[in-house]
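Engineer: Turn this into a model:
(2 chains)
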Amino acid sequence: MRILFVDDDHSNGAAVGSLLAEYGHEVLRADSLELAAELMKESGAPDFVVFGMKRLPAELAKLLHVSASEDRRRRIQATQELPVLSDDQVTTVGPEAEKMRDFRNMFLVVQTKYVMGLTAKLADLRLAIDQARTTGGELEAVKRARMHAHKMNGTAGSLGYRQISEPMKVIETTYDAMMADELDEPGQKERAWAEIELQFDLAKQAGVVLLKELEKLPGPDGKSSVYYKAPMAKVLVVDEDERFLDVVEHLGRQRMVEVVRATSVAEALERACLVSLDAALLNVPERKADESFKLARELRGLPGYESLPLAFISASSHLQDRVEAVHAGASLYLDKPLESQALESAVQYLVAIRQGGRPRVLIIDDDPDFCELLSVTLRNEGLLIRTVNDPARVLDVMQEFPPELMLLDVNMPNISGFDVCKMVRGIPRWQDLPIIFLTAQTGVQARVSAFQAGADDYLPKPVINEELLARVKVRLDRSRLMKERSDKDTITGLLLRRAFAEQLNAMLADAQRNQLIFTICLLDVDHFKHVNDTYGHLAGDQVLTMLGQLLMRRFRVDDLRGRWGGEEFILAFRRESKQTMQRAVARFLDEFKQLSFQSDSGQEFRCSFSGGLASYPADGQSIFDLIKAADERLYYAKESGRSRVVADL
Amino acid sequence: MKVVITDDEEDIRSVASMSLGILGGIDVVEAESGKDGIAKAAAEQPDVILLDAMMPEMDGPATLEALRNNPDTASIPVIFLTAKAIRSEVDKLRSMGALGVLSKPFDPTTLATQVREMLEKS
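Structural biologist: Numbers count the residues shown, from 1 in each chain, chains lettered A, B, ... in the order given. Modelled structure (predicted):
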C-alpha cells in the first residue's frame, strides 16, 4: 500500500515511516502541507494518509478532498503517537525482520518498565517543582526541576510516549525562560508557573491512562494487576571464570537476555531452583568435563526442567566429549572463545526450543487494527500469535505456522469465514483444530450457520478481553489435553507411534530442505517376556516407565522419543551421525543397566536393551527404508548376544 | 563497531543499547555518568561516544572537555544527545568539537543509521 505520512515532527515521522516501510508499504513522508501537496502531485494520490500533526487543519482536509476518492477519504486517520510496535504484520522474513521483532519485544519491555515507574518519576518532578516554586525561583531549585522535566522529555519521547514528553518539553523551556530572566513583564512569571502546573497535570493524566492500560492486562492469577510477562529469557551460565561471566552478562544485557550466573555446580543447582530458567549454557573444562555432564543431568533431573534446553561451551572438541554432550542433552556445542554472534544465535535457538511449547494462535480478520488489538491481548498471555488479513493466504500460513487454535472473522471480502472454516475442516490434519468465530452478527441464524460450518465456539464483536481469554484458554487446554491423550503413551510418557511418525516426517522434510543428517534408533528391552513372566506385569510396566523417564531426561530436548509398541522404543537425533549416536546410546545403555527394579514380590533385578541405528541419508532416503535398516541392525544386536547397540551389519 | 553511550537515565541507555545493538549490530558499552563515560571510553576505545548533554555533576560539555584532555580518549569522536536541538545550541555544541548533535527524544528505529551516517560523513 502507498502511504503518505504527514508530520511536522521529524523524529516521529522517521520512526513511523521506517516502521511502515518495514511492513512492506511504500511510504511518502512530508513535514509540511506544501510538501504533501507536491508529493501527491508528483506521484499520484496515496492509498492511505496518516496524519501526525496535532489537529487536522482545514487546508489539509481541502487538499485531501481534491486528491482522494470518497473511499480513500474515509481512511484518513490522525495519529499522535508512535503506533504500538508489534509483530505479525511483519510479513517479511530474514535477519532484518527477525531483528525488528526482537527489537519490538524488548522495546515493549522497556516501555512497560517505564510506565510502571512513571508514578515515582512524576512524584519526584512534583517535589522539584514545589521546591522551585517555594524558594521563589531560586536558581539551583529551578535547575533541578528543569533537569527532571528534561529527562522525562527525552526518555518518554524516545519510548513513543509523546503525551508525556510534550508537556515535559514545555515545562523545560518554561524553566529555561525563567533562568534566562526573560520573564520580566508584569504577570509573566505568574503565567509561567501556572503553565508549568497545567503541563504537569496533563502529563499526570496521561500517566494515569497509561497505567490503566497496563493494569488491564490480567495477572498470573487471572485477577487484574500491574503485571507483565516480560519476554526476557533467563539463561543460566555456569563457568568458573568470572571474567567470562562478565562478558556473557554484558552480551546478554544488549540482547535483553537475563544471565543467571553461577561459578560452581552447587551454585548452579541452587540458582536453578530459585529462578525459573529458559535455558542453560555450561562450560566444559577440559579436565573436569565429567563434572559438567553430571551437572547437566542433575539440572534435567530437577522438577520442571526435564526439557530444559542446554548448550555446552568448551575450548576442546574431542569426539568423546561430543558423544557425552549429546547424551547429557546439549542441543548446541559452542567453541571457546565465544564470539558474540555465536552466543546470540545460541540463546535464540535455545529459547526458541523452549518457546516451541507455547500455544500458537492464528487470527484471520481483514481488519488489521482489530487483529492488532486481539494480538496484544493474547500475546500478553504468552501465546504466539500470527495474523492473516487476506483469507486466501490461510492455508499457506498454516503450513509454516501450524496453529493450535484459530480465531476467524465471519465477514470478509471475497471469501467468508464460513467458507474458510469448511475449507480448513476438509483437510484431515486440521479436523480437530479448535476454531472460534468472531462476528458482529449475533442472531440465532448466524450462530447456527457458524456451528454448521464446523466452528467450535462463537464470540460476538466487539470482543470483551476477559471473555476472549477465557474462551481461548479453555479451548486450548482441552485440545492440548486431547492431543496429549492421543499422542502420548500413558505408561512411558513418550510419543505414540502415529505422533512420532508425524514428527519424524517433519524432521525428514527439514533434513531434505537444509541438507542435514539425522539418525534414528530402535530400542528393544531384552528378554522382556521373561521379565513379565518372572517378576510380574507391574514390574514389567515399571521397567518401561523408568526407561521412558530416563529417555526424556537424556539426549537433547529437540530429539524425538517414542514408544513404537510393546517393549520397543524409537528415537531420532537431529544433525548427528550414527557413529556419534552409537556411542551416546551405548553410554545410555550402561546407565540403564545400573537401574535396579523390584519384582511384584520384592525381588530385585536389572535389565538391558538392544539397539539398531540408521542414518539419513546414508542408510535410506525414506522413513520406511531407515526404519527397515535400523530394524535389521536391532535384529543383529539381538542375535549376537543382546545388550548392545549396532550401527552397521 | 563499538559505541560508549553516556547518559544518567537508565531507560534511555536501555533503548539506545537496543537500537544500536539489535538493529544496528553495534557493540554498546553503557556509562551512567560523565566520569564513568571517560573511564569506559579509555578502556574500551570505542569508535564513537554518545554523550548526553545534560547530566548532573559532570555535564556533557564538561565531559567532552575532559575526554579531549585525556590522551587516551582525545581522538575519539563524540556525538551529543540533547533535547534542545535548536540551532544556537547545536552550533554551540559543535563548536566545542563534537562530531554531531542528535536530538532527544530520538527515533529508536533509526538511531544506529544516524550515528553511522555522522561517522561516515566526517
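Engineer: Endpoint to endpoint, stretch B:50-65 covers what distance?
Structural biologist: Chord length of stretch B:50-65, first to last residue, is 14 Å (CA to CA, to the nearest Å).
Engineer: Only the buried residues of it, if you could.
Structural biologist: Of the residues in stretch B:50-65, B:50-55, B:58-61, B:63-64 count as buried by neighbour count, 16 or more other CB atoms under 10 Å in any protein chain shown. (Glycine included, C-beta is placed from N, CA and C.)
Engineer: Then stretch A:376-393?
Structural biologist: Applying 16+ other CB under 10 Å to stretch A:376-393 flags A:376-381, A:383-389, A:391 as buried.
Engineer: sorry, back to before: of the buried residues of stretch B:50-65, which belong to strands?
Structural biologist: Assignment to strands by DSSP state E places the following of the buried residues of stretch B:50-65 there: B:50-52.
Engineer: was I right about residue A:430 contacting residue A:398?
Structural biologist: Yes: counting by CB atoms under 8 Å, residue A:398 is a contact partner of residue A:430 at 7.2 Å.
Engineer: Strands of chain B, residue ranges please.
Structural biologist: Taking DSSP E as the criterion, chain B contains strands spanning B:2-6, B:27-31, B:48-52, B:78-82, B:100-103.
Engineer: OK, contacts around the most centrally placed residue in chain B?
Structural biologist: For chain B, residue B:50 is the residue whose C-alpha lies nearest the centre (CA atoms, centre = their mean; 0.9 Å). Neighbour list for residue B:50: B:3-7, B:16, B:78-79, B:81, B:102, B:115 [criterion: CB atoms under 8 Å, 6 or more residues apart in numbering or on different chains].
Engineer: Which residue, neighbours along the chain excluded, lies closest to residue A:536?
Structural biologist: For residue A:536, ignoring the flanking residues on the chain, the nearest one in space by CB to CB, 6 or more residues apart in numbering or on different chains is residue A:600 at 3.2 Å.
Engineer: ok, the residue of chain B found nearest chain A - contacts?
Structural biologist: Closest residue of chain B to chain A, CB to the nearest CB: residue B:105 (2.4 Å). Neighbouring residues of residue B:105 by CB under 8 Å, 6+ apart: A:11, A:153-159, A:165, B:83.
Engineer: Buried only: go through those for me.
Structural biologist: Buried by 16+ other CB under 10 Å: A:11, A:153-159, A:165, B:83, out of these.
Engineer: With pLDDT and secondary structure added, can I get these in JSON lines?
Structural biologist: Converted to JSON lines, the buried ones among the contacts of residue B:105 look like this (pLDDT from 0 to 100; DSSP: H, G, I helix; E, B strand; the rest coil):
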{"residue": "A:11", "pLDDT": "56", "secondary structure": "helix"}
{"residue": "A:153", "pLDDT": "86", "secondary structure": "helix"}
{"residue": "A:154", "pLDDT": "84", "secondary structure": "helix"}
{"residue": "A:155", "pLDDT": "85", "secondary structure": "helix"}
{"residue": "A:156", "pLDDT": "87", "secondary structure": "helix"}
{"residue": "A:157", "pLDDT": "83", "secondary structure": "helix"}
{"residue": "A:158", "pLDDT": "82", "secondary structure": "helix"}
{"residue": "A:159", "pLDDT": "83", "secondary structure": "coil"}
{"residue": "A:165", "pLDDT": "88", "secondary structure": "helix"}
{"residue": "B:83", "pLDDT": "77", "secondary structure": "coil"}
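Engineer: quick one: which of the residues you listed is nearest residue A:637?
Structural biologist: Nearest to residue A:637, judged by CB to CB, of these is residue A:159 at 62.3 Å.
Engineer: From chain B, how far off is the closest one?
Structural biologist: Distance, residue A:159 to chain B, by CB to the nearest CB, to the nearest Å: 6 Å.
Engineer: For residue A:436, pull up the helix or strand it's in.
Structural biologist: In this assignment (DSSP states H and E), residue A:436 forms part of strand A:435-439.
Engineer: and that strand, which strands flank it?
Structural biologist: strand A:405-409 (parallel), strand A:457-460 (parallel) (DSSP bridges).
Engineer: List the contacts of it.
Structural biologist: Residues outside strand A:435-439 that contact it (CB under 8 Å, 6+ apart): A:365, A:405-411, A:417, A:421, A:424-425, A:446, A:450, A:454-461, A:463, A:471-472, A:475.
Engineer: Relative to the whole chain's centre, how far out is it?
Structural biologist: The chain centre lies 24 Å from the centre of strand A:435-439; the measure is CA atoms, centre = their mean, to the nearest Å.
Engineer: List the buried residues of the helix or strand that comes right after that strand.
Structural biologist: Next helix or strand after strand A:435-439 toward the C-terminus (DSSP H and E): helix A:444-453. Neighbour counts over helix A:444-453 (16+ other CB under 10 Å) mark A:446-447, A:449-450, A:453 as buried.
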